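[1] build me a structure from this.
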Amino acid sequence: MRSWTVVTLLVVAVLAALALNYVLLYRVAYVLAFVLVVGYVWSWANIRWLEVERTTSTTRAQVGERLVERLTVRNTGPLPKPWVEVHDLSDLPDHQLSQAFGLRSGGHRAWRAETVCRQRGRFGLGPIVVRTSDPFGLFPREVTLGEPQTLIVYPRVVQLREFELPGGELSGEVRTRRRTHQVTPVAAGVRDYQPGDSYNRIHWPTTARLGRLAVKEFELDPLSDVWVLLDLQAAVQAGLGPESTEEYGVTLAGSVAKALLDRNWSVGLIAFGQTHEVVPTDRGVRQLLKILETLAVVRALGRVPLTEQILTESARFGRNTTLVVITPSGSDAWVESLGLQVRRGVRPVVVLLDAASFGGYHSPLMPLGALTAAGIPAFIVRRGQPLDLAFAARAAG
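    Residues are numbered from 1 along each chain as shown. Predicted coordinates:
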């Protein structure tokens with residue numbers, strides 16, 4: 001530190017002045033002592049009487065959205081602060097909030113930072129480290145101010161207007177219907193309005209015909225449970241960053257979930273990434289947020305092959321459950337495990353990510369051939385292809 005250099009020079013000057021009784025050396029010692037005292041007091045005062053106020057536009061964002069933050073630093077003390085350096089410890093990519101400036105007594109400095117969220121994940125915002133020093137740079141000081149916040153950036157989601165689940169019933173199947181108070185995709189009929197019924201369930205054509213209020217009744221649909229299984233095995237991935245099978249797969253999983261939840265299907269998520277993630281099936285906006293929050297942090301670091309993933313989770317798939325598998329795997333070994341689910345009454349749909357188009361070595365032709373032979377519907381998604389158009393024409397089934 002510079003201060004120790006000055007202290008050493010002061011000691012040398014004092015000893016030399018005492019030994020040589022030289023006036024100039026005494027004066028040098030006085031100046032050095034004065035610099036040390038003034039510098040220490042100045043830096044001590046500079047780091048005190050500081051307040052930091054941080055305002056964040058949101059703690060939840062989506063890839064492509066903007067995060068706006070405003071930072072205000074106030075000097076509440078009686079002395080000016082000629083040099084204040086503010087460092088933001090946020091780990092959000094491309095987020096720049098750091099500045100250096102001076103503050104008069106009672107003054108403040110405010111500025112804002114606007115950052116496009118380009119990467120999904122969980123990020124820390126803050127805290128703020130304030131650094132300052134004396135004019136001689138002898139006594140640098142720093143203090144940490146503010147509480148850290150967490151920002152969740154959801155993956156990008158696209159509208160999949162062309163995505164449809166397989167319809168119809170299995171031969172010989174008897175569908176068990178149960179009445180429910182929830183609004184589901186299946187209307188069972190109408191009945192007279194009763195106190196407590198929601199107004200959005202009123203069936204106006206029947207009301208007009210009968211001259212009294214009538215409401216729609218709904219049934220639980222045995223086909224309304226959908227599981228989305230996202231294959232995050234590291235060994236089958238290809239590409240880097242946004243142009244990777246990992247990011248395309250995450251975007252597809254979120255987009256499929258949103259498309260089905262918008263139609264009031266009951267949707268769940270399974271992902272074997274760095275950890276085993278399961279979001280149980282449910283409906284509604286809150287379910288979509290749960291799925292997106294899970295997808296925000298999953299990474300393609302899994303070691304479990306797709307065959308094992310399907311067999312491990314097969315107990316969750318009841319008869320008439322729809323299973324949407326999203327995978328870049330170029331092997332056809334896992335198709336047999338899907339065939340076992342078909343025999344149990346599960347309806348699989350496969351979205352094949354063409355790893356070769358992302359720079360990988362495996363094409364989807366081998367699993368596509370096996371899926372075609374098994375009569376399992378499949379779609380192929382390639383790098384750079386609009387995701388909605390990928391579902392305009394079915395590749396197999």
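[2] roughly how far does N21 sit from A29?
    13 Å (C-beta to C-beta, to the nearest Å). From N, CA and C alone the C-beta is placed, and that goes for glycine too.
[3] what does A271 give?
    For A271 relative to A29 (C-beta to C-beta), the value is 70 Å.
[4] now L289
    L289 is 68 Å from A29, by C-beta to C-beta.
[5] the two - which one has more neighbours?
    A29 (20 against 13; other C-beta atoms under 10 Å).
[6] tell me which stretches of the stretch 151-300 of the chain form helices.
    Taking DSSP state H, counting those that start in this stretch, the helices of the stretch 151-300 of the chain run over residues 204-210, 245-262, 285-297.
[7] with respect to V11, which of these lies nearest?
    Comparison of the helices of the stretch 151-300 of the chain against V11 by C-beta to C-beta identifies helix 285-297 as nearest, at 56.4 Å.
[8] report the longest helix in this structure, please.
    Criterion DSSP state H: the longest helix present in the chain is helix 23-46.
[9] could you point out which element follows it?
    strand 50-56 (DSSP states H and E).
[10] count of neighbours near the closest residue in space to A259 that isn't next to it in sequence?
    Closest residue to A259 apart from its sequence neighbours, by C-beta to C-beta, 6 or more residues apart in numbering: L160 at 4.4 Å. L160: 18 surrounding residues under other C-beta under 10 Å.
[11] state the phi and psi torsions of L160.
    phi -110, psi 80 (degrees, to the nearest 10).
[12] also F101?
    phi -170, psi 180.
[13] R122 - that's part of a strand, no?
    Yes - residue state for R122 (DSSP: H, G, I helix; E, B strand; the rest coil) corresponds to a strand.
[14] quick check: the gap between it and F101.
    Taken as C-beta to C-beta, the span from R122 to F101 is 31 Å.
[15] sketch out the low-pLDDT regions of this structure for me.
    Where the chain drops to pLDDT under 70, the residues are 1-3, 6, 10, 166-188, 218-224, 393-397.
[16] again, only this time at 80
    1-4, 6-7, 9-10, 12-14, 17-18, 162, 166-189, 196-201, 216-224, 392-397 (pLDDT under 80).
[17] so what's I152 bridging to?
    Note on I152: beta-bridge partners R60, R122, judged by DSSP bridges.
[18] give the contact list for it.
    Counting by C-beta atoms under 8 Å, 6 or more residues apart in numbering, I152 touches T59, R60, A61, G121, R122, F123, E293, A296.
[19] are any of those buried, and if so which?
    For the contacts of I152, a burial check counting by 16 or more other C-beta atoms under 10 Å picks out A61, G121, F123, A296.
[20] identify, from the residues you listed, the entry nearest to R48.
    For the buried ones among the contacts of I152, the nearest to R48 is F123 (30.8 Å; C-beta to C-beta).
[21] the closest one and L89 touch, don't they?
    No - if you go by C-beta atoms under 8 Å, F123 and L89 don't touch, sitting 11.1 Å apart.
[22] quick one: buried residues of stretch 49-62?
    W49, L50, V52, R54, A61, Q62.
[23] that one: how far from the chain's middle?
    On the basis of C-alpha atoms, centre = their mean, to the nearest Å, stretch 49-62 sits 18 Å off its chain's mean C-alpha point.
[24] how long is that stretch from one end to the other?
    End-to-end distance for stretch 49-62: 37 Å, by C-alpha to C-alpha, to the nearest Å.
[25] quick check: beta-bridge partners of R347?
    T322.
[26] my read: V304 touches A271, true?
    No - in this structure V304 lies outside contact range of A271 using C-beta under 8 Å: 10.6 Å.
[27] these two: who's more crowded?
    A271 (28 against 14).
[28] contacts only, for that one.
    Here A271 is in contact with L229, L230, L232, A253, E277, T294, L295, V298 (criterion: C-beta under 8 Å, 6+ apart).
[29] neighbours of the last one, how many?
    Just to be clear, that refers to V298. 24.
[30] do you know how far it is from G273?
    4 Å.
[31] where do the contact lists of these two overlap?
    By C-beta under 8 Å, 6+ apart, the residues touching both V298 and G273 are L230, L232.
[32] contact partners for the residue lying closest to A253 once chain neighbours are set aside?
    Using C-beta to C-beta, 6+ apart and skipping residues adjacent in sequence, the residue nearest A253 is L230, 4.6 Å away. For L230, the contacting residues are G249, V250, A253, L269, I270, A271, G273, L295, V298, I326, taking C-beta under 8 Å, 6+ apart as the criterion.
[33] swap in 10 Å and give it another go.
    By C-beta atoms under 10 Å, 6 or more residues apart in numbering, the contact set of L230 is 246, 249-250, 252-254, 256, 269-273, 277, 294-295, 298, 300, 302, 309, 324-327, 351.
[34] same question for R344.
    S314, F317, G318, R319, T321 are the contacts of R344 under C-beta under 10 Å, 6+ apart.
[35] what about the first one, neighbour count?
    So the one you mean is S314. 14.
[36] and for the fourth one?
    Using other C-beta under 10 Å, R319 has 12 neighbouring residues.
[37] shouldn't it be in contact with G345?
    Yes - taking contacts as C-beta atoms under 10 Å, R319 lies within contact range of G345: 3.5 Å.
[38] surely V68 touches T58?
    Yes - V68 is within contact range of T58, at 8.4 Å (criterion: C-beta under 10 Å).
[39] assumed W111 was part of a strand.
    Yes - according to three-state DSSP, W111 belongs to a strand.
[40] gap between it and V324?
    46 Å.
[41] who has more neighbours, the two?
    Counted by other C-beta under 10 Å, W111 and V324 do not tie: V324 has more neighbours, with 25 against 13.
[42] end to end, how far does stretch 124-138 reach?
    Span of stretch 124-138 from end to end, C-alpha to C-alpha: 32 Å.
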